[in-house]
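Need a 3D model of the sequence below.
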Amino acid sequence: MLRYASFIAAALAGALLTRCLSPSSPAPPEFASEPLARVSSRLRALAQHASSHRRRVVLVTGAAGFVGFHTALQLHAEGDAVVGLDNFNSYYDVRLKRLRAALLHRAGMRTLVEGDVCDAELLRTILREGRVSHVIHLAAQAGVRYSLKKPLAYVEANVRCFVTLLEAVHAVNNSVPIAYASSSSVYGLNTLVPFSETHRVDQQASLYGATKKSNENIAHVYHHLHKLKLTGLRFFTVYGPIGRPDMAYFGFTQERTLHAPRSPPPFALHAPHLRLMPSQAILAGRRITEFRKDNGDELQRDFTYISDIVDGVIAASRLAAPLEIFNLGNTRPEKVSTLVKCIEAGLGRKANSTRAPITAGDVPLTFADVSHARKLLRYEPKVTLEAGIRRFLLWYSDYYQVDLARDFMPSRKEAHELKVKYNINVNRRRRGRQLEYA
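The predicted structure is shown next:
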């Protein structure tokens, strides 16, 4: 889609969590791993509390990741007891993951375990001691292009760890339903549109897509052999606030901004957005590359806002079907140039772009048919690309202290979402070119 220069966003101050934060723990102390026995005791306390209140206990893997964070946050808001698991790997700046973890802590979710899904003993301990009733597996090695450089990392994280999780569930409690992240990348070179779960998916264009298709195949085997309940969720180009910096919408915005921050302020749970004071807010004239098909046509993506994805994930978890696959998309493919225009409008700047042929591993179009999810999950995407990018930019402007266009003001709904989810206090007034914060 878009290629960006190797500029990396300004350093962010990070939150440091203990390996497992208990329900009674105060603000997180300096990070340190804990013995498995201590983790077990905290999980037992969580399970007892959930049982007494008749709440589900949901294990969310990848809970400090983009989709995992938002899913855990929403589950907690809906009253479920949530156990988060994340290895905080360094695929992108781990301090962004620490920030998500701190926001979960601020929201009242205290049980976040630092560990690997490939750790069979740890998984069995969490499942057994936490009396986990549902699993939402969102931990994975993401990124289509990165899979060309580090193929073995994808096989390890996306295939071996997935099998390890299924084995653990089979060993501890075979009745626990598992909803897991697949991807629109499984459709690969498919030319039938919109993409339907009934279409053949045997022509993946990337190793990442192939590992996700492997997950679906393995899920079928474990259901056939062991009667595990498994639901695969094919995500279509997820975007939104506090997302992954390697995604196009995030990278383009970074490409338009440059920071020379002073020393970051110390982290505080009451202000986890970590205001930075850049001496320059906008980097003008930095060239981006817009990839096109051989005939010159633009690439198109079914951009799906994070809250719509989370709605589908949680609905699938509650359905707990024996064996299912669902598309979760927006159903409205948008040209990359439309994405660029949305970001330009928010930043008040024009992009300096050039064109190049589509790269290896990429596909020209993604387009979700969500009729199956509509029927069984009552899934209905609500957020347009324009509205979603607005919300992303409002978060981004606070997090990186970047000026937005003078007329770019949040609605009451947007201001409320920023406050509840990301602890950003936004007044709907202007001071100069910046939002005024409460």
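
Show me the helices in the chain, by range?
36-52, 66-77, 94-107, 120-129, 146-149, 151-154, 161-172, 207-226, 248-255, 306-319, 336-347, 371-377, 385-399, 412-422 (DSSP state H).

Could you dump those helices into JSON lines with mean pLDDT added?
As requested, the helices of the chain are arranged in JSON lines below (pLDDT from 0 to 100):
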{"stretch": "helix 36-52", "mean pLDDT": "89"}
{"stretch": "helix 66-77", "mean pLDDT": "98"}
{"stretch": "helix 94-107", "mean pLDDT": "93"}
{"stretch": "helix 120-129", "mean pLDDT": "96"}
{"stretch": "helix 146-149", "mean pLDDT": "85"}
{"stretch": "helix 151-154", "mean pLDDT": "94"}
{"stretch": "helix 161-172", "mean pLDDT": "99"}
{"stretch": "helix 207-226", "mean pLDDT": "98"}
{"stretch": "helix 248-255", "mean pLDDT": "67"}
{"stretch": "helix 306-319", "mean pLDDT": "99"}
{"stretch": "helix 336-347", "mean pLDDT": "88"}
{"stretch": "helix 371-377", "mean pLDDT": "99"}
{"stretch": "helix 385-399", "mean pLDDT": "91"}
{"stretch": "helix 412-422", "mean pLDDT": "90"}
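
Just say which of the ones you listed is most tucked in.
Highest mean neighbour count of those: helix 66-77, a mean of 24 (counted as mean count of other CB atoms under 10 Å). Any C-beta I mention is one placed from the backbone N, CA and C, and that applies to glycine too.

That one - contacts with which helices or strands?
Helices and strands touching helix 66-77, as assessed by 3 or more CB pairs under 8 Å, 6 or more residues apart in numbering; DSSP states H and E, comprise strand 57-61, strand 81-86, helix 94-107, strand 134-137, helix 306-319.

Report all helices and strands that the first one contacts.
Same thing as strand 57-61. helix 36-52, helix 66-77, strand 81-86, strand 134-137.

quick one: that strand to chain centroid distance?
15 Å (CA atoms, centre = their mean, to the nearest Å).

Now do that strand: everything it contacts.
46-47, 50, 68, 71-72, 75, 80-86, 117, 126-127, 130-139, 165, 317 (CB atoms under 8 Å, 6 or more residues apart in numbering).

Equivalent analysis for the last one, please.
Surrounding helix 306-319, the residues in contact under the criterion CB under 8 Å, 6+ apart are 58, 66-67, 70-71, 74-75, 78, 134, 136, 138, 177, 179, 231, 233, 235, 238-241, 243, 324, 326, 328, 330, 373, 376-379, 381-383, 388.

coming back round to it: same list (the helices and strands packed on strand 57-61) but as JSON lines, adding distance to residue 160.
Output for those, formatted as JSON lines (distance: least, CB to CB, whole Å):
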{"stretch": "helix 36-52", "distance to residue 160": "21"}
{"stretch": "helix 66-77", "distance to residue 160": "19"}
{"stretch": "strand 81-86", "distance to residue 160": "16"}
{"stretch": "strand 134-137", "distance to residue 160": "13"}
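
and of the ones you listed, who's closest to residue 348?
Smallest distance to residue 348 across the helices and strands packed on strand 57-61 (CB to CB): 26.3 Å, for helix 66-77.

so that closest one versus helix 306-319, what angle?
60 degrees (axes from the mean of the first three to the mean of the last three CA atoms, to 10 degrees).

Kindly format the C-alpha coordinates of helix 66-77 as PDB.
As requested, the backbone C-alpha atoms of helix 66-77 are provided in PDB (Å, rounded to 0.1, in the frame of the first residue of the first chain):
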ATOM      1  CA  PHE A  66      -3.900  -3.600  19.400                       C
ATOM      2  CA  VAL A  67      -6.900  -5.900  19.000                       C
ATOM      3  CA  GLY A  68      -6.200  -7.700  22.300                       C
ATOM      4  CA  PHE A  69      -6.200  -4.500  24.300                       C
ATOM      5  CA  HIS A  70      -9.500  -3.200  23.000                       C
ATOM      6  CA  THR A  71     -11.100  -6.700  23.300                       C
ATOM      7  CA  ALA A  72      -9.900  -7.100  27.000                       C
ATOM      8  CA  LEU A  73     -11.100  -3.500  27.700                       C
ATOM      9  CA  GLN A  74     -14.600  -4.200  26.300                       C
ATOM     10  CA  LEU A  75     -14.900  -7.600  28.000                       C
ATOM     11  CA  HIS A  76     -14.000  -6.000  31.300                       C
ATOM     12  CA  ALA A  77     -16.500  -3.200  30.700                       C
END
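
let's number from 36 now, not from 1
Okay, using 36 as the starting number, the last item reads as helix 101-112.

re the thing from before, so which of the helices and strands packed on strand 92-96 gets nearest residue 235?
Among those, if distance is taken as CB to CB, the winner is strand 169-172, at 24.7 Å.

Which strands border the closest one, and is each parallel or antiparallel?
strand 92-96 (parallel), strand 213-218 (parallel) (DSSP bridges).

Quick one: distance of the longest one to the chain centre.
Taking CA atoms, centre = their mean, one finds strand 213-218 lying 13 Å from the centre of the chain it belongs to.

can you list contacts of that strand?
With CB under 8 Å, 6+ apart as the criterion, strand 213-218 contacts 97, 102, 169-173, 175, 197, 200-201, 204, 243-244, 247-248, 250-251, 254, 263-270, 348, 351-352, 360.

for the nearest residue to residue 333 once chain neighbours are set aside, what are its contacts?
Once flanking residues are discounted, residue 333 sits nearest to residue 370: 4.4 Å by CB to CB, 6 or more residues apart in numbering. Contact analysis of residue 370 by CB under 8 Å, 6+ apart lists 333, 334, 335.
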